[in-house]
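Chemist: Generate a structure from the sequence data that follows.
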Amino acid sequence: MTSICPWEAAVKLEAIDEIDEEQKLFHMSLKDEKENMDPLLDVKSIVKEAKMRMKKPKQIPFVGTHRSVEKPAPNLYGCAFNQFIESRRLQCAAAVGGAYIFIYYFPKNRINKSYTLKLEQPYKEDLYQVTWCLDNHDFKIVAGGETGKLYVIDYDEMDIDRELIGTGGSINEIRTSPVNPTMIAVASADTAIRVFDIRSPTCLLILGGRRGHRDSVLSLDWSPDGMRLMTGSFDHRVMMWDLSGEIVQRHFKICQYDLKSDGKIRKFNFYFGDRRLQAARRVFDLEDHSMYIVTPMRLVDNLHFDSVDCVRFYGDYCFSRSAGHDSHIRFWRFGAHEQEKIGSGVVKMVQKQVPFGHPWFSKFAVDPCNQFLATGGHGGIMHIYDMTDNTLEPMRTCVVGKKEGMTRQVAFSNDGHFIFAVGDCGSIARMNRVDPHADGAKIKDTWKK
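Modeler: Numbering: from 1, shown residues only. The predicted structure is shown next:
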C-alpha cells in the first residue's frame, strides 16, 4: 500500500509541470489589470500587507538548551539515538569522532555524558558513523570509519565484542534495519554497499559492480519494510536496491538460522560456473558467505548535479541532500505522476536551499512528528525547515558549534521532542521543541544569554 504524504498540499503545488491554456489567459488578464492599476493605491496595499506580516508573531520551532565542547575534542562526525528505548524513558545517544565513542543521556534541557570509550588499536582510527543494534535483548553499538573496520561494542561491558571486516574503503554511513535489529547496511568509499549481521564477521550481501555507483557511496537508508535500500554517492546519482527477491530473502533466513544454531554460517555456492563472479568472490568474499546484487532496482541521475551527501526514506517518498555548488534538499519519489507503484522516472516535489552547505559529509534528520527537517552547515550552523510550506529558505538558522568547523550530523529524539547535533572541534548541542500554543513572550532561548 502506498503511504500518504503528509505534505500533500506542497506536493500538489510542486507537481504541476505545465500551465494549461485557461491559466495562461488568467495570468495575461491579471497582467493587464496590474498595468492599469493606480500605482499609489498598489503601494499602499503592499505597505499595509507588510505591516500585517510584521505584527504576526514569528514561530519558533526549537530553542537551544545546551551547547558545549567535548573533551578530548576530536571532530565528531556521527551521532545516533538508541531507537530501542521507549520515548517515555530517559533518552540515550552515542557520538563518534577520532578513536572515541561517547555515550550521552538527556535529562531535562541538558546533555550528560555517561561514558567515554577509546579504541586502543595499533593503527590510527578515525570513526565517522555509529548506530545501535539489539542482539537477544542486549544493546550493541556499531561504529566504523577511516580504516573500513566495523566495531561491535557491548553496551553493558563497554568493550569490543567483535570486528566486522570486508569493506575496501572508509565507512561513510551505517544504518540498522527497521525489521531486523541485528542487521546493518554499510556505505563504503570502495563504491559498494554491504549488509552485515553483527553476529557474523563477514557480510551477507554485497551491492555494487559495473552498473552500481562509480564513486564513493556517501549515504544510505532502509525502506520502512526493510525490503529496499536507497543510496547516494559522489557520482551525483541516487539508486534503489531491491532486497525483496525470493533468493535474497531465503539467503537471509538461512544465515540467521545458522547464526542462531551454532553461530557459524555455512558456505554457499551461488555462482558455480560463472568465472567472473567466482573470481570476484575470491577477492571480496573469502568465507563464501556473501551474495551479490550487481544491478540496482532504480537509478536517478537528473535529481542532483553534485555529490549526494545524505538520503532518507519517508514511507514511499524520499529526501536527499546534495553538497557542493548545488547544495539543496529535495523531497521526491520514484515513479511518474499518478503512478501508485514504484516505477521509472522521478517526481520532484519540494526543494529547500541549504546555505553554507557546500562541504560534504553532513547528515540531516527528519522529524518523527512529520513537520520539520534539520541539517548542518559550514560555520557550525544548523538549519531547521518547515516541510509543510513551499519556501526555499530555512525557517530558522542557528549556530550550534564552532564557527571554524561544520555541523556534521543532527538527530531527532525518538519522540521528536529535541534535537541532538554534533560537529567539528568536539561540539555538541541540544535544542528543545517549542509547544506551538505556548506564549512567545515566555519562550526563552538559553543560547541568547
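
Chemist: mind checking the backbone torsions on Asn75?
Modeler: phi -70, psi 120 (degrees, to the nearest 10).

Chemist: Please name the strands paired to whatever helix or strand Asn172 lives in in the sheet, noting orientation.
Modeler: Using DSSP states H and E, Asn172 sits within strand 171-176. With DSSP bridges as the test, strand 171-176 is paired with strand 183-188 (antiparallel).

Chemist: Name the residues that touch the partner strand?
Modeler: Here strand 183-188 makes contact (CB atoms under 8 Å, 6 or more residues apart in numbering) with 131, 133, 142, 144, 148, 150, 167-177, 193-198, 203-204, 216-220, 222, 229, 231, 252. C-betas here are computed from N, CA, C, even on glycine.

Chemist: Just the ones of those residues in helices?
Modeler: Among the contacts of strand 183-188, DSSP state H puts Phe252 in helices.

Chemist: Return a PyMOL selection command for the buried portion of the contacts of strand 183-188.
Modeler: A single PyMOL command selects the buried members of these (16 or more other CB atoms under 10 Å):
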select buried, resi 131+133+142+144+148+150+167+169+170+171+172+173+174+175+176+177+193+194+195+196+197+198+203+204+216+217+218+219+220+222+229+231+252
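
Chemist: Among the contacts of strand 183-188, name the ones in strands.
Modeler: Among the contacts of strand 183-188, DSSP state E puts 131, 133, 142, 144, 150, 171-176, 193-197, 217-220, 222, 229, 231 in strands.

Chemist: that older thread, angle of the strand holding Asn172 against strand 217-222?
Modeler: On the basis of axes from the mean of the first three to the mean of the last three CA atoms, to 10 degrees, strand 171-176 is oriented at 0 degrees to strand 217-222.

Chemist: Could I get the CA-only coordinates of strand 171-176 as CSV?
Modeler: What follows is strand 171-176, C-alpha atoms only, in CSV (Å, rounded to 0.1, in the frame of the first residue of the first chain):
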residue,chain,number,x,y,z
ILE,A,171,32.8,3.8,6.1
ASN,A,172,30.6,6.8,5.3
GLU,A,173,27.3,5.6,6.9
ILE,A,174,25.8,2.7,8.9
ARG,A,175,22.1,2.1,9.3
THR,A,176,20.2,-0.6,11.2
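
Chemist: now that strand: how far from the chain's centre is it?
Modeler: Centroid displacement of strand 171-176 relative to its chain, using CA atoms, centre = their mean, to the nearest Å, is 10 Å.

Chemist: And the contacts of that strand?
Modeler: Under CB under 8 Å, 6+ apart, the answer for strand 171-176 is 83, 128-133, 142-145, 148, 150, 183-189, 216-222, 361, 363.

Chemist: just checking, Pro359 is part of a helix?
Modeler: No - according to DSSP: H, G, I helix; E, B strand; the rest coil, the state of Pro359 is coil, so it is not within a helix.

Chemist: Give me the pLDDT value at it.
Modeler: Note for Pro359: predicted pLDDT of 92.

Chemist: Quick one: low-confidence residue ranges for the stretch 251-400 of the chain.
Modeler: Applying pLDDT under 70 to the stretch 251-400 of the chain flags residues 270-287, 337-344.

Chemist: let's see it at 90
Modeler: Applying pLDDT under 90 to the stretch 251-400 of the chain flags the ranges 261-292, 294, 302, 315-316, 325-326, 334-349, 369-370, 387-391.

Chemist: Same question for the stretch 51-200 of the chain.
Modeler: Counting by pLDDT under 90, the ranges of the stretch 51-200 of the chain that qualify are 51-61, 71-73, 87-88, 120-123, 165-168.

Chemist: Swap in 70 and give it another go.
Modeler: Low-confidence segments of the stretch 51-200 of the chain, defined by pLDDT under 70: 51-59.

Chemist: quick one, strands of it?
Modeler: Assigned by DSSP state E, counting those that start in this stretch, the stretch 51-200 of the chain shows strands spanning 62-69, 78-81, 92-97, 100-105, 112-118, 127-135, 138-145, 150-154, 159-164, 171-176, 183-188, 193-197.

Chemist: Which residues does the fifth one contact?
Modeler: By CB under 8 Å, 6+ apart, the list of residues contacting strand 112-118 from outside reads Glu70, Cys92, Ala99, Tyr100, Ile101, Phe102, Ile103, Tyr104, Tyr105, Phe106, Ile153, Met158.

Chemist: from these, which would you call buried?
Modeler: Glu70, Cys92, Ala99, Tyr100, Ile101, Phe102, Ile103, Tyr104, Phe106, Ile153.

Chemist: Please name the residues that touch the nearest residue to Thr167 once chain neighbours are set aside.
Modeler: The shortest distance from Thr167 to any non-neighbouring residue, by CB to CB, 6 or more residues apart in numbering, is to Gly148 (4.0 Å). Contacts for Gly148 (CB under 8 Å, 6+ apart) come out as Ile165, Thr167, Gly168, Gly169, Ser170, Ile171, Ser188, Ala189, Asp190.

Chemist: Mind doing that once more with 10 Å?
Modeler: Neighbouring residues of Gly148 by CB atoms under 10 Å, 6 or more residues apart in numbering: Leu164, Ile165, Gly166, Thr167, Gly168, Gly169, Ser170, Ile171, Val186, Ser188, Ala189, Asp190.

Chemist: So for the nearest residue to the third one once chain neighbours are set aside, what's the pLDDT?
Modeler: By the measure of CB to CB, 6+ apart, the closest residue to Gly166 outside its immediate chain neighbours is Cys203, 4.8 Å from it. At Cys203 the predicted local distance difference test score is 90.

Chemist: closest to Met382 out of the strands of the stretch 51-200 of the chain?
Modeler: Minimum separation from Met382 across those (CB to CB) falls at strand 62-69, 9.2 Å.

Chemist: Dump the C-alpha coordinates for stretch 361-375 into CSV.
Modeler: Included here for stretch 361-375 are C-alpha records, laid out as CSV according to Å, rounded to 0.1, in the frame of the first residue of the first chain:
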residue,chain,number,x,y,z
PHE,A,361,29.7,14.9,4.9
SER,A,362,26.7,16.4,6.8
LYS,A,363,23.7,14.1,7.6
PHE,A,364,20.2,15.5,8.1
ALA,A,365,17.3,14.2,10.1
VAL,A,366,13.6,14.1,9.6
ASP,A,367,11.2,14.9,12.5
PRO,A,368,9.3,11.9,13.7
CYS,A,369,6.3,14.2,14.1
ASN,A,370,6.4,14.8,10.3
GLN,A,371,6.8,18.6,10.3
PHE,A,372,10.4,19.6,10.5
LEU,A,373,13.8,18.7,8.9
ALA,A,374,17.1,19.7,10.4
THR,A,375,20.6,19.7,8.7
